[in-house]
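Engineer: Predicted model and sequence follow; I will ask about them next.
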Amino acid sequence: MKKISLAIFAIIIVGALGVTSCKKKETTPEPTKTVDSDQSGSSANNTAESTSSDIESMGSEACDGSNGSLTNYRPDNTSILSCATVTRDTINKIVTVTFNGGTCLDGKVRTGSLIYNYSASTNGAKRYRHPGFNLAVTSNGYAVDGNTVTIGNKTISNTTPVGFNPLTTNETWSISATITIDLAAGGSINWTCNRVKTLLNTATTYSNSSTPINWAMARVGIDGSASGTRSNGETFTVSVRNQLIRDFGACSIGGKHPFIQGTLIYTPAGKSSRTVDYGNGSCDLNATVTIDNITYPFVL
């Protein structure tokens, strides 16, 4: 009887342990995983990217022709309805673009001025299209849609070989910039970049050194890297994975010429990298940002 009782007691003890173990498994909560869906940094970088690109593009148009045309930005070159005036000082080699608060062709309201100084050009270069042409860009009270833009430094240099054949060689420019954008909605972005710009259709938009590039039909590619700091303390780096493309001839949406192709990697310190995809070349304002394999759409 004693042996049987001991056996029964052992079975009861094992069963109790099993129940206790099951209860522990049932009551232990799974750790909650926080989903990182913060796209604000990618959006801030897009603001800096497009702001800097526009400053460079306006300089290319203002400094390439004798009449200082801004084909892609102002309605015309003479009307009082034009959003900007362009003045050229050939003695001091300075081109100044002054905005009057009117709405430009891309729907943006600009005030203040941008000053393009090409006195450091080499090879006798006088126009943006000439190899050796060099621009130092500064700003004076410049603002876009209420966002105040201060240029710490910005240089643009034509790196195309002297005597190049436009049928086989695309024009290129190196761009370096440090800008600060104080946002109308609050906060700021400090942004530094090193870029390479390529006129992807040089053969069809460039005739010769005496004729301005047809900027209204230009297809432009951007490569390179950037870094910056946001007012919330976030620091970040940016690298272009696949060339960013703007097509001024084939894509105009309400006067805007957005990036329509290419990807970049935005990496905020201490967080996962974000892949920003501007699309496959379709003319639209749609883009996506992918964070930890989850893709979120956004509008440019």
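Structural biologist: Looks like it arrived, so ask away.

Engineer: ok but Ala203 is inside a helix, no?
Structural biologist: Yes: per DSSP: H, G, I helix; E, B strand; the rest coil, Ala203 lies within a helix segment.

Engineer: If you drop the residues flanking it in sequence, what lies closest to it?
Structural biologist: Distances taken as C-beta to C-beta, 6 or more residues apart in numbering place Leu167 nearest to Ala203, at 5.2 Å, with adjacent residues excluded. Every C-beta, even on glycine, is put in place using the N, C-alpha and C of the backbone.

Engineer: burial of that neighbour, as a residue count?
Structural biologist: 9 (other C-beta atoms under 10 Å).

Engineer: where's it, which helix or strand?
Structural biologist: According to DSSP states H and E, Leu167 maps onto no helix or strand at all.

Engineer: what do you get for Ser176?
Structural biologist: Assigned by DSSP H and E, Ser176 falls in strand 172-182.

Engineer: My guess is Thr71 contacts Met217. True?
Structural biologist: No: counting by C-beta atoms under 8 Å, Thr71 stays clear of Met217, with 9.5 Å between them.

Engineer: Of all the residues in stretch 227-239, which ones are buried?
Structural biologist: Buried residues in stretch 227-239, defined by neighbour count with 16 or more other C-beta atoms under 10 Å: 227-230, 234, 236, 238.

Engineer: Which one of those residues is nearest to Thr34?
Structural biologist: Closest approach between the buried residues of stretch 227-239 and Thr34, by C-beta to C-beta: Glu234, at 16.8 Å.

Engineer: ok, now which ones touch that closest one?
Structural biologist: Residues near Glu234 by C-beta atoms under 8 Å, 6 or more residues apart in numbering: 41, 268-269.

Engineer: and if we set it to 10 Å?
Structural biologist: 38, 40-41, 44, 228, 268-271 (C-beta atoms under 10 Å, 6 or more residues apart in numbering).

Engineer: what do you get for Ser174?
Structural biologist: Ser174 neighbours (C-beta under 10 Å, 6+ apart): 134, 155-159, 194-197, 224.

Engineer: And it, how far from Asn158?
Structural biologist: 9 Å (C-beta to C-beta, to the nearest Å).

Engineer: picking that back up, counting neighbours, go ahead and name the busier of Thr71 and Met217.
Structural biologist: Using other C-beta under 10 Å, the more surrounded residue of Thr71 and Met217 is Thr71, with 18 against 14.

Engineer: got any ranges where this structure has weak pLDDT?
Structural biologist: The model of the chain has pLDDT under 70 over residues 1-33, 66-68, 75-81.

Engineer: Great, nothing more from me.
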